[in-house]
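**Q** Structural data only, the sequence is not supplied:
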C-alpha cells in the first residue's frame, strides 16, 4: 500500500512538472545509402508559449524514435506523444511503410535506424526547430510491426557500437520474418537495456509466438517483460479501424479498457524512460518495486545490478575492485577535485570512497576504507563502521552474495527470513574478526532444500548493530 501511495505521488508530481507544450513539424529526410530514400517524419517536441507563439523550450531533450504498426497511421499514437513530450522528450514518427499491399519490414527497420542519428543532426541544424535542443540519449520504441522493426534497427546499431541508443521498447512487437530478416533473430545481438510490454489476451501477435521469443533471445544485461493482465494488442494505441478489426477477429478475453491498458503502460514507461534516457536511478528503484506490487501485470526479468567496489591497496596506490566508465574519489565524504581515475594515490590520512559510474548512468559507492600513513607507511584496511550491502546479484537465481563490514571483532548472526518472518536459513552464527566479510546463499533452507521464488529478507546482528534488507529470487 505504501509503494502504491508513493507511485500515486510520483504520478501527481509528473503532472505538476510536465511544464512543456507540444510543438510539431514535418520534414523529409533522405538516406544517401538507399538511393536518397525519402523518409517523411512527424516530429513532436517540448515547446513553450511566448506572446501567443509556440517556440522550442529551452534545454536539451532525449529522443524517442517510434515505429508504427502495420497499416496504422502515426496519428493513432497521439496518446503517446501527448504523454511523453510534455515530460521533456522529443518524439519522431517515420510515416513510411504504411501500405497494405507492399510493406517492407527491413526497409522500415533501416528507416528507424537512420533516424536515430539523423534526429541528432537536427540539433546542429540552425534552420531546424530542434537546433541546440537534442540530447544524445535516444530510445527506439515501436508497436506491432514497428515493434518488430525496432529489433531490426537495434541489431545493426548495437553491432556498430552506436552510443546514442540507450534502450529499446517493444509494445506488442510482431515478429518480422519477411525479406530474409527476423526480429527474434535480431534480438540475439541487442545488448542495451530492453523492455517489452504485452497484452495477455493479444491474439493479433500471440505473446508465445512473438513477444516472448524476442525477450528470451535478448542479450541485454537488463531486460524486462511485462504482461498486462486482460490486455489486448491494439490498446497500446488509440482506436484504429484496421487494428481494431484484426483484434476483434483474433483476440478473446480482453477484460480491461483501452484507457486502463494505457494507464498501466504509462506507469511503467515513464519510469523506464527517465531511468534509461535521463539517468534517474531512483525511478529504476520505483520501477522495480512496482513490478513486485502491481496486481495488474505479471513479469519476467533478467537484470544485473551494478556491483559495489572494495578499495584495494598496492604499494601506496588505491584502486577500485570494480571496473566502470567513470570514477570519483572522496576523502571523508568530500569530493577530491580531479580524482577521476581508476586508481588514486592518497596523501592524507582519512576515510576514502570511490564512486563508480556505469553505462546505465547509475553509480555505486565503494565500501569505506581508512587510510593511515605512519612512519612505516602502513595501510590498514579496516571498515570504519558496521554495515551490510545490498546482495549481488539482485534479483538472483540461484546464488547471491551478501557483503558486510565489521569494524571490530563481534558475534555475528546473519539470517534469511521469508516475508512472513519465518526463519529460512541461518547463514552465520559465530564470533568473527574485524574486516570486510561476505557469504553466499544458494536459495536453500536450513535442511538444504531449494526454496520457492519470491521476496526474502536478510538480517544481520553484530554487537548493537542490526539491519535488514530485501532481495528477490527469480526462477
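**A** Good, I have the coordinates. All values derive from a computational prediction rather than experimental measurement. Numbers count the residues shown, from 1 in each chain.
**Q** mind showing which ranges of the protein have poor pLDDT?
**A** Along the chain, segments meeting pLDDT under 70 span 1-18, 51-53, 360-361, 373-381.
**Q** Residue 210 and residue 176 touch, don't they?
**A** No: contact between residue 210 and residue 176 fails when scored by Cβ atoms under 8 Å: they sit 9.7 Å apart. For the C-beta atoms, the positions are set from N, CA and C on the backbone; glycine is no exception.
**Q** So for these two, which residues contact both of them?
**A** Residues touching both residue 210 and residue 176 (Cβ atoms under 8 Å, 6 or more residues apart in numbering): residue 148.
**Q** how much space is there between residue 353 and residue 319?
**A** The spacing between residue 353 and residue 319, counted by Cβ to Cβ, to the nearest Å, is 13 Å.
**Q** who touches both of these two?
**A** residue 311.
**Q** Does residue 282 belong to a helix, a strand or coil?
**A** Assigned with DSSP: H, G, I helix; E, B strand; the rest coil, residue 282 falls in the helix class.
**Q** Near it, how many residues? Count them for me, please.
**A** The tally of other residues near residue 282 (other Cβ atoms under 10 Å) stands at 12.
**Q** Also residue 317?
**A** Counted with other Cβ under 10 Å, residues neighbouring residue 317 total 12.
**Q** How about residue 147?
**A** Residues lying near residue 147 (other Cβ under 10 Å) number 33.
**Q** any idea which element it lies in?
**A** Following DSSP states H and E, one finds residue 147 within helix 145-159.
**Q** what's the spacing between that helix and its chain's center?
**A** Computed by Cα atoms, centre = their mean, to the nearest Å, the chain-centroid distance of helix 145-159 equals 17 Å.
**Q** on contacts alone, who are the packing partners of that helix?
**A** strand 61-67, helix 105-122, strand 134-143, strand 165-171, helix 183-186 (3 or more Cβ pairs under 8 Å, 6 or more residues apart in numbering; DSSP states H and E).
**Q** Neighbours of residue 411, how many?
**A** Residue 411 has 12 neighbouring residues, counting by other Cβ under 10 Å.
**Q** and what of residue 92?
**A** That count, for residue 92 with other Cβ under 10 Å as the rule, works out to 26.
**Q** I'd like the numbering to begin with 58 instead of 1 from here.
**A** With the count now opening at 58, the last piece we talked about shows up as residue 149.
**Q** tell me the angle the host helix or strand of it makes with helix 202-216.
**A** Using DSSP H and E, residue 149 falls within strand 147-151. Angle of strand 147-151 versus helix 202-216, following axes from the mean of the first three to the mean of the last three Cα atoms, to 10 degrees, is 110 degrees.
**Q** okay, the angle between strand 147-151 and strand 118-124?
**A** Using the same axes, to 10 degrees: strand 147-151 against strand 118-124 is 20 degrees.
**Q** Give me the contacts around strand 147-151.
**A** With contacts defined as Cβ under 8 Å, 6+ apart, strand 147-151 is touched by 96-103, 118-125, 131, 134, 137-138, 141-142, 165, 168-169, 172, 176, 187, 190-191.
**Q** Can you say which of those residues are buried?
**A** 96, 98-103, 118-125, 131, 134, 137-138, 141-142, 165, 168-169, 172, 176, 187, 190-191 (16 or more other Cβ atoms under 10 Å).
**Q** hey, which strand is longest across the chain?
**A** strand 94-107 (DSSP state E).
**Q** after that strand, next one along is what?
**A** Next helix or strand after strand 94-107 toward the C-terminus (DSSP H and E): strand 110-113.
**Q** elements contacting that following strand?
**A** Applying 3+ Cβ pairs under 8 Å, 6+ apart, we find strand 110-113 packed against strand 78-88, strand 94-107.
**Q** tell me the angle of the longest one relative to helix 162-179?
**A** Interaxial angle, strand 94-107 versus helix 162-179 (the same axes, to 10 degrees): 40 degrees.
**Q** That'll do, ta.
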